[in-house]
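Participant: I would like to see how this sequence folds:
(one chain, ligands or ions: 2)
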Amino acid sequence: MTDFHLRYGTEVAQALREQRPVVALESTIVSHGLPRPDNLRVARQIEQAVRDAGAVPATIGMVAGDLVVGLDDAELTRLATADGVTKLSVRDLAVAAATGADGATTVAATSAVAAAAGIGVFATGGLGGVHREAAQTFDESADLVTLARTPIAVVCAGVKSILDVGATLERLETLGVAVVGYRTRRFPGFFITDGGFDLDWSVDSPESIAAALAARAQHGVHHGGLIVANPLPSDEQLDPELHDRTLAEGLARLDRDRVSGKAVTPYLLAHFHSATEGASLAVNVRIILRNADLAARIAVAAARRADASA
Ligand code: PSU
Ligand code: MN
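Facilitator: Residues are numbered from 1 along each chain as shown. Ligands and ions are numbered 1, 2, ... in the order given. A predicted model of the protein is given here:
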């Protein structure tokens, strides 16, 4: 009989046993969010950014039906380069495991798996959210509803600017997902520093985020996610004019090519990367590396807190 438990990478298993800081990383960004061949190199850089800040990276994904917490380099290479790697949201995990699939986990799936593995901090680029025209299409990422019930801190540069940012913030409020700005009271728009909306909360250190995570756990009242919105400095963002032009073009092509469902986000990201001749890719990579660094520092602060109170 096949056994469907989570499978842990050796280093991650040991770090979790010893209660050392661990940061979860997603694999959809690698397989569907970044173009080849840069994607594998960037995946390794993200892991290195986590290590440089003192934590152990746990990239999550599915290899031949095994749900792996802490892919090794051969597995990471396989998800970055093989054909037929499926984009897996939470709902897909069981069926994909039963069929022995290779798959990359989205923010939703990665959060759920990380929380099940006892990992409290996760770094990504930009969250999924409410798509423009969602009033007609009902296209809202499962990232939102999953974070409503998953106790994890997600470090991201807000939601992707290809989305309806205001509607996404409204949904996060309704769903009871906490949102804090890291050293800002403006919600970032992924490629762009300012997504156009204010935030209620701003925190200015990894320690204060770790304190919020401890309070949530000790209260036992709120069981949802905490989004840590970490904007790019404005001199590193994608030129807003180029951004708006590229987005308008991408949205028109979606219609023309009748793209829908889970193909929408990868399609728009790929359009950005080719239409801006790599400018959006460079921005995307900077975003992820910065988020990996901050997530690792939060995990380190959380582990210190736990040590001090043990
Ligand atoms: N952020 C990025 N690149 C990505 C994604 C996020 O910088 O590729 C992925 C994440 O895995 C996120 C997914 O969960 O896009 C959202 O897809 P959808 O809109 O279909 O839920
Ligand atoms: Mn969708």
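
Participant: report the buried residues of the lengthiest helix in the chain.
Facilitator: Counting residues, the longest helix found in the chain (DSSP state H) is helix 279-309. Applying a neighbour-count criterion of 16 or more other Cβ atoms under 10 Å, the buried positions in helix 279-309 are 279-281, 283-303. No exception for glycine: its C-beta is placed from N, CA and C like everyone else's.

Participant: now do the helices in the stretch 1-150 of the chain.
Facilitator: Along the stretch 1-150 of the chain, the segments classed as helices by DSSP state H, counting those that start in this stretch run 10-17, 28, 38-52, 73-81, 93-98, 107-116, 134-137, 142-148.

Participant: most packed of those helices?
Facilitator: Sort the helices of the stretch 1-150 of the chain by mean neighbour count, taking mean count of other Cβ atoms under 10 Å, and helix 28 sits at the top with a mean of 30.

Participant: so what's Arg183 closest to, chain neighbours aside?
Facilitator: Counting by Cβ to Cβ, 6 or more residues apart in numbering, the nearest residue to Arg183 once its immediate chain neighbours are dropped is Asp204, at 5.1 Å.

Participant: just Leu289 next, same as before
Facilitator: Counting by Cβ to Cβ, 6+ apart, the residue nearest Leu289 is Ala49, at 4.8 Å.

Participant: and the gap between the one you found and Leu34?
Facilitator: In this view, Ala49 and Leu34 are 15 Å apart by Cβ to Cβ, to the nearest Å.

Participant: equivalent analysis for Val165, please.
Facilitator: Here the criterion is Cβ to Cβ. By it, Val165 lies 22 Å from Leu34.

Participant: ok, now Ala80?
Facilitator: 9 Å.

Participant: what of Asp52?
Facilitator: Asp52 sits 20 Å away from Leu34 when distances are taken as Cβ to Cβ.

Participant: next one: Val50
Facilitator: Val50 sits 17 Å away from Leu34, going by Cβ to Cβ.

Participant: am I right that Pro151 is in contact with Gly120?
Facilitator: Yes - contact between Pro151 and Gly120 holds when scored by Cβ atoms under 8 Å: they sit 7.4 Å apart.

Participant: quick one: which of these two has more around it?
Facilitator: Gly120 (25 against 17; other Cβ atoms under 10 Å).

Participant: give me the residue from the stretch 151-300 of the chain nearest ligand 1.
Facilitator: With Cβ to the nearest ligand atom, the shortest gap between the stretch 151-300 of the chain and ligand 1 falls at Thr265, namely 3.9 Å.

Participant: could you find the closest non-adjacent residue to that residue?
Facilitator: Computed as Cβ to Cβ, 6+ apart, the closest residue to Thr265 that is not its neighbour in sequence is Gly128, at 6.5 Å.

Participant: just list the residues touching the one you found, thanks.
Facilitator: Neighbouring residues of Gly128 by Cβ atoms under 8 Å, 6 or more residues apart in numbering: 106-108, 141-144, 159-160, 163, 265.

Participant: what pLDDT is listed against it?
Facilitator: According to the prediction, Gly128 has pLDDT 95.

Participant: dihedrals phi and psi, it?
Facilitator: Gly128 has phi and psi values of phi -70, psi 170 when expressed as degrees, to the nearest 10.

Participant: use 58 as the first number from now on
Facilitator: Got it, first residue is 58 now, which makes that one Gly185.

Participant: ligand 1 versus that one, what's the distance?
Facilitator: Spatial separation of Gly185 from ligand 1 under the definition Cβ to the nearest ligand atom, to the nearest Å is 3 Å.

Participant: so which bits of the stretch 58-207 of the chain are right by ligand 1?
Facilitator: With Cβ under 6 Å from any ligand atom as the criterion, the stretch 58-207 of the chain meets ligand 1 at residues 83, 85-86, 89-90, 163-165, 181-183, 185, 198-200.

Participant: against Pro288, how distant is the closest residue to ligand 1 within the stretch 158-307 of the chain?
Facilitator: Using Cβ to the nearest ligand atom, the closest approach of the stretch 158-307 of the chain to ligand 1 is made by Gly182 at 2.4 Å. When Cβ to Cβ is the yardstick, Gly182 and Pro288 sit 12 Å from each other.
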